[in-house]
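*Asks:* Fold the following, please.
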Amino acid sequence: MTKIRNFLKTNQGKCLLIFFILEFFISIWITPNKYDSEFFIKQMQEMSIWDFISMRYQTWTSRVFIETLICLILPKTGIIWAMLNTIIMTILGYSILKLFVKEDNKILNWMAICFILIYPLDKIASCDWGAGSMNYTWPLAMLLFSMIPIAKIQRQEKIEKFMYPIYSAALVFACNQEQCCMLAFCAYTIFTIYHILKNKKVHPFLVVQCIFALFSLLFIATCPRKLCQKNRRNRDLLYGICIFGFS
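*Replies:* Below is the predicted model of the structure:
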């Protein structure tokens, strides 16, 4: 608690506190129950969560962790999503500040927070706030948070032991989203090589993170949905040929 109080006294802490309050007021007025969110909510009324996730993995997506979370949260009251969305968006802001902005630079701290707030929110709302945020902004927040150790190792800052599994869990969740997985794998691989060349030694945590990202890539690459989507494209192509009378 003392560390939290001390952090909130800093400029970055004040920025994040105000951002947390604003984000909560934005999220609390939203009911995530339309478009893609409505689809997930209806599916949970018709089948078990495990049957649905298995079906989606076999036919549509490798995002099993993300979609499990969606299925667990969206059918509940909207306040749960609003609170979690506020926390994770604050983590996004915190990660951006820690990675790219010096703590004593007041102007850049406030600019970074403002840039997050002015993001065109209709992009997230286009597939509904619930599914949109959990599929895209939440993995992005976890991706940036999982990269904080890279910055700390580069700056030779101490990393608390209890934070290592938290950073790894964030990486695993982020890597369940394809684009985030590739970014994480490239970032950790490049920095691990750079660290070895510069310091003539291996940092075990960097290697662990690389392995998590690599296994996530393999999980995505071997997902059965790729074959299903290929078959679907071939079916659509053949249908188009038939329409134009080439059969």
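*Asks:* Going by C-alpha atoms from here, please, whenever you check contacts or count neighbours.
*Replies:* Will do.
*Asks:* Local confidence estimate at the most centrally placed residue in the chain?
*Replies:* Computing the C-alpha centroid of the chain and ranking residues by CA atoms, centre = their mean puts P139 first, at 0.4 Å. As predicted, P139 sits at a pLDDT of 96.
*Asks:* what helix or strand is it on?
*Replies:* helix 138-146 (DSSP states H and E).
*Asks:* Return the helix or strand in this structure with minimum mean pLDDT.
*Replies:* The weakest-scoring helix or strand in the chain, judged by mean pLDDT, DSSP states H and E, is helix 225-243 (a mean of 52).
*Asks:* For the closest residue to E38 other than its chain neighbours, list the residues it contacts.
*Replies:* Nearest residue to E38 in three dimensions, chain neighbours excluded: P32, at 7.9 Å (CA to CA, 6 or more residues apart in numbering). By CA atoms under 8 Å, 6 or more residues apart in numbering, the contact set of P32 is E38, L74, G78, D128, W129, G130, A131.
*Asks:* so how many other residues sit close to the fourth one?
*Replies:* Meaning D128. D128 has 20 neighbouring residues, counting by other CA atoms under 10 Å.
*Asks:* Could I get the contacting residues of it?
*Replies:* D128 is in contact with P32, N33, K34, Y35, D36, S37, counting by CA under 8 Å, 6+ apart.
*Asks:* Swap in 6 Å and give it another go.
*Replies:* Taking CA atoms under 6 Å, 6 or more residues apart in numbering, we find D128 in contact with K34, Y35.
*Asks:* For it, give its distance to L16.
*Replies:* D128 sits 25 Å away from L16, going by CA to CA, to the nearest Å.
*Asks:* try the first one
*Replies:* The gap separating E38 from L16 is 31 Å, by CA to CA.
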